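Novice: The following comprises the amino acid sequence and a computationally predicted model.
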Amino acid sequence: MRYESDGAPDYAPPNGSWEEHQASEDAQSYLTLYYCEDEISKYPVREVTKVNDNKSDPNLETMSYGLCSTCTRDIRSGLVKNNRPYLFFCTNIKGERHLTGYYHIGWYSLGPPLLTNYRNGSIQDDYRLVADEMKWIYPPISFETVADETGFDGILTGFRKKLISSETTDALLGLFEEREDCSQQYLDEVRRLELINKRYHEYRYPTWEREAGFDWGSVQDYVGTMQAGEDNGTKQILETKMETMNIDPSLIASESVSNWVCLLCDHEFENEAPLKLCPNCDNGGGIIPARAINT
């Protein structure tokens, strides 16, 4: 499935501040793991119904990665800075890992500053990615089959993310070429799971307090962009709050955090991972672990 740029809003690729990704087909690519629905879904889409941690990535609806979530900042940064062309997705299905889909990256942008990216005295850059092509397959390919058919035994080692050579990239693409594109079925399944959430929890994404699903018409609040090194005022405001509120920088890291506070509106909420936008004021960047605020 290819990205449709005709009629795209002025804040969506290839418009606005999105920059064309200068992918080198000779560069390494990434394999990355995501959490999937493997109990209530035929298709291994992202875990939309995960309790206290509704997943938005991989966001097939916008063909984006890292636009609406904070996951795997290092992968996204490494892909942009090293001109890496592909992001391959895999997941754990009933105890076994499988290869399910890929993005060919077409555009990137630098997102607004996030306090949860505060490290070593400053807020780290956070890139967002949009694919110009994606493909998702069914049934997914077991890692054992990948190793047997391509000779890539490295896929059998445990990993959360893995760099792969251009030769291995070509071998994986060969597996996809032999199989039907089921991207539309995956998209339909995401929508079905959202309706399950809405029926039982009022929202399509309950812990986000989000009534709408994702598409380019509903993500404008997530698309505020910056150039590398640019300070639009928000970063300075947030770093000033870090100082005046006696926030402990060592407790900013989001591992094992479920209680959050928005420094911009004082809203408190629970979620197993940081959100990019506050569920109350829809502002980005000011979310921080409640434990980091010294009282």
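Specialist: Alright, I've got the coordinates. Numbering: from 1, shown residues only.

Novice: how much space between residue 45 and residue 71?
Specialist: Distance of residue 45 to residue 71, given as CB to CB, to the nearest Å: 15 Å. For every residue, glycine as well, the C-beta is placed using N, CA and C.

Novice: and those two? which has more neighbours close in?
Specialist: A direct count of neighbours by other CB atoms under 10 Å for residue 45 and residue 71 places residue 45 higher, at 27 against 17.

Novice: Could I get the pLDDT score of the residue nearest to residue 264 when sequence neighbours are not counted?
Specialist: Using CB to CB, 6 or more residues apart in numbering and skipping the chain neighbours, the partner closest in space to residue 264 is residue 286 (3.9 Å). The score at residue 286 is 83. That number is its pLDDT.

Novice: What is the neighbour count of residue 286?
Specialist: When counting by other CB under 10 Å, one arrives at 23 neighbours for residue 286.

Novice: roughly how far apart are it and residue 123?
Specialist: Note on residue 286: its distance to residue 123, by CB to CB, is 11 Å.

Novice: same check, this time on residue 172
Specialist: For residue 172, the distance to residue 123 - CB to CB - is 35 Å.

Novice: my read: residue 195 touches residue 203, true?
Specialist: No - using CB atoms under 8 Å, residue 195 makes no contact with residue 203, being 11.1 Å away.

Novice: Give the residue from the two that has the larger number of neighbours.
Specialist: A direct count of neighbours by other CB under 10 Å for residue 195 and residue 203 places residue 203 higher, at 17 against 12.

Novice: quick one: that one is in a strand?
Specialist: No - assignment of residue 203 by DSSP: H, G, I helix; E, B strand; the rest coil gives coil, placing it outside any strand.

Novice: So, low pLDDT: which residues of this protein?
Specialist: The model of the chain has pLDDT under 70 over residues 225-235, 254, 294-295.

Novice: All the helices of it, residue numbers only.
Specialist: With DSSP state H as the criterion, the chain has helices at 73-81, 143-150, 166-177, 183-201, 234-244.

Novice: Single out the most deeply packed of these.
Specialist: The highest mean neighbour count among the helices of the chain, using mean count of other CB atoms under 10 Å, belongs to helix 73-81: a mean of 19.

Novice: All the strands of the chain, in order from the start?
Specialist: 19-20, 29-34, 64-65, 86-93, 96-110, 118-119, 122-123, 127-142, 161-164, 259-262, 268-270, 287-289 (DSSP state E).

Novice: So which elements touch the second one?
Specialist: Spelled out, that is strand 29-34. Using 3 or more CB pairs under 8 Å, 6 or more residues apart in numbering; DSSP states H and E, the elements in contact with strand 29-34 are helix 73-81, strand 86-93, strand 161-164.
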